[in-house]
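[1] need a structure here:
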Amino acid sequence: MELRLEHSNQPLTDVWRTHPVEPRGSTLLGISFRPLQAEALGLDGRAALESLLALPYTLIRLGAYWNRIEAEPGRFETADLDWQIDAAERAGKQIILAVGAVKTFGYPEVFVPSHWLVQPLREGSLVQPASHPALLSGAEQFISRIVTRYRDRQSIVAWQLEHEAVDPLGVEHSWRLGRSFVERELHALRAVDQSRPVMMNGFLPTSSVVRLSQWWRTRDQGDSLAVAASLADIVGIDYYPRTGLRRLGHRTLYLDGADGRSARRTRERVFGSIRTRGKRLMISEGQAEPWETTTVPPSPQRHAPYSCPPEQVIGNYNAALRWSLKADPLYAYLFWGAEYWLLRNQSGDPSYLQAFARVLENS
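    The predicted structure is shown next:
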């Protein structure tokens with residue numbers, strides 16, 4: 001029952017208004033902010049961030065995008081990231097800063113400046129220090145400069161290194177970073193700041209199809225969650241329980257296996273491995289916007305895409321909090337999709353924002 005054929009657009013309901021909310025205990029709640037996604041949705045990036053910072057959560061994840069900061073050789077422009085961090089500090093937020101370098105959260109995920117990568121990475125290859133010494137040198141320099149610039153900011157509570165570090169990029173690219181490449185980046189980061197924890201994240205497969213595919217494609221060195229559990233201080237789980245695969249007329253074929261026996265066994269194995277190593281565990285991306293068959297999620301009037309209606313903002317949070325043992329709670333839960341909530345609100349549907357507000361008020 002992991003595959004479902006459903007109408008893509010479902011009528012909006014008020015279920016989210018009465019959906020129970022799990023108590024969060026000591027778990028920090030927050031969001032990620034994606035300036036590129038805000039732009040793709042037609043929003044003003046700074047106004048969007050200001051609106052989101054006004055909400056009463058604790059933790060926000062911001063990203064240092066390499067090709068935006070170092071667009072040309074010899075240029076290192078951090079004004080926009082400076083502003084984001086300043087704004088978050090004024091709002092009293094704690095910050096996880098993703099320093100990349102090669103991969104950072106938010107589509108298209110790879111943000112290498114063209115002058116550091118003259119030729120595209122070869123599909124199917126493993127990017128290693130020996131095969132790409134110039135790329136590694138640039139990545140180490142970028143990470144060192146970013147961490148050095150912001151390490152005196154008390155608001156920054158952790159660094160994120162890479163994004164799903166050693167996994168391929170879905171179906172778009174099959175090259176992968178080698179573990180040794182990431183280890184070199186980690187060494188560069190710790191050389192300039194040993195005082196803060198490092199977070200690394202990985203995708204949690206919620207269906208047997210994705211799990212088998214992920215295992216096969218990463219079998220030579222393990223997937224990003226395995227590498228994170230080995231190298232990082234905090235392991236981030238990217239959790240998307242319902243995703244669109246293929247549009248078939250007015251219906252869409254979805255993967256929806258989060259409640260199955262296979263998914264439960266995967267969670268128990270992954271969580272057990274992370275906790276056995278004594279690492280802190282967080283949800284770095286908890287699905288709170290639709291994952292349909294397009295890059296930019298649709299926003300139909302008076303309807304919501306099946307992959308994530310507003311009640312699922314709460315439901316996915318509840319599921320993750322229930323996995324957390326009372327004696328060993330999640331460090332944090334970051335909701336993914338805040339820019340989409342603003343788009344919906346702008347078009348007259350505040351339900352996603354209000355569902356998030358219910359979690360903050362009732363958890």
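
[2] List the contacts of the most centrally placed residue in the chain.
    Centroid-nearest residue in the chain, with CA atoms, centre = their mean: E285, separated by 4.2 Å. E285 makes contact with 32, 105, 201, 236-240, 334, 336, according to CB atoms under 8 Å, 6 or more residues apart in numbering. Using the backbone N, CA and C atoms, a C-beta is placed for each residue, glycine as well.

[3] Return stretch 297-307 as PDB; C-alpha atoms alone will do.
    Listed next in PDB are the C-alpha coordinates belonging to stretch 297-307 (Å, rounded to 0.1, in the frame of the first residue of the first chain):
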ATOM      1  CA  PRO A 297       4.700  23.300  -5.400                       C
ATOM      2  CA  PRO A 298       1.300  24.200  -6.800                       C
ATOM      3  CA  SER A 299      -1.100  26.400  -4.900                       C
ATOM      4  CA  PRO A 300      -4.700  25.700  -6.200                       C
ATOM      5  CA  GLN A 301      -7.500  28.000  -5.000                       C
ATOM      6  CA  ARG A 302      -9.600  26.500  -2.200                       C
ATOM      7  CA  HIS A 303      -7.700  23.200  -2.600                       C
ATOM      8  CA  ALA A 304      -4.500  21.700  -1.300                       C
ATOM      9  CA  PRO A 305      -2.200  19.200  -3.000                       C
ATOM     10  CA  TYR A 306      -2.600  15.700  -1.600                       C
ATOM     11  CA  SER A 307       1.100  15.400  -0.700                       C
END
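
[4] now the contacts of E285 in CSV, with secondary structure?
    Formatted as CSV, these follow (DSSP: H, G, I helix; E, B strand; the rest coil):
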residue, secondary structure
S32, strand
F105, coil
N201, strand
G236, strand
I237, strand
D238, strand
Y239, strand
Y240, coil
L334, strand
W336, strand
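
[5] from the residues you listed, which is closest to C308?
    Using CB to CB, Y240 is the member of the contacts of E285 that sits closest to C308, with 8.7 Å.

[6] show me where pLDDT drops low in the stretch 251-363 of the chain?
    Applying pLDDT under 70 to the stretch 251-363 of the chain flags the ranges 326-327.

[7] how about the nearest residue to T58, chain neighbours excluded?
    Distances taken as CB to CB, 6 or more residues apart in numbering put L28 closest to T58, at 4.7 Å, once the chain neighbours are dropped.

[8] R149 too?
    That would be T78: by CB to CB, 6+ apart, it lies 6.5 Å from R149.

[9] and the one you found, how many residues sit next to it?
    17 (other CB atoms under 10 Å).

[10] Same check on R322?
    Residues near R322, counting by other CB under 10 Å, number 8.

[11] Looks like it contacts V21 (just checking).
    No - contact criterion CB atoms under 8 Å: R322 and V21 do not qualify, at 11.7 Å.

[12] that older thread, mind putting the contacts of E285 in JSON lines, neighbour count and distance to E311 included?
    Output for these, formatted as JSON lines (neighbours: other CB atoms under 10 Å; distance: CB to CB, whole Å):
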{"residue": "S32", "neighbour count": "24", "distance to E311": "21"}
{"residue": "F105", "neighbour count": "26", "distance to E311": "25"}
{"residue": "N201", "neighbour count": "29", "distance to E311": "25"}
{"residue": "G236", "neighbour count": "30", "distance to E311": "24"}
{"residue": "I237", "neighbour count": "24", "distance to E311": "21"}
{"residue": "D238", "neighbour count": "21", "distance to E311": "21"}
{"residue": "Y239", "neighbour count": "22", "distance to E311": "16"}
{"residue": "Y240", "neighbour count": "21", "distance to E311": "16"}
{"residue": "L334", "neighbour count": "25", "distance to E311": "19"}
{"residue": "W336", "neighbour count": "26", "distance to E311": "16"}
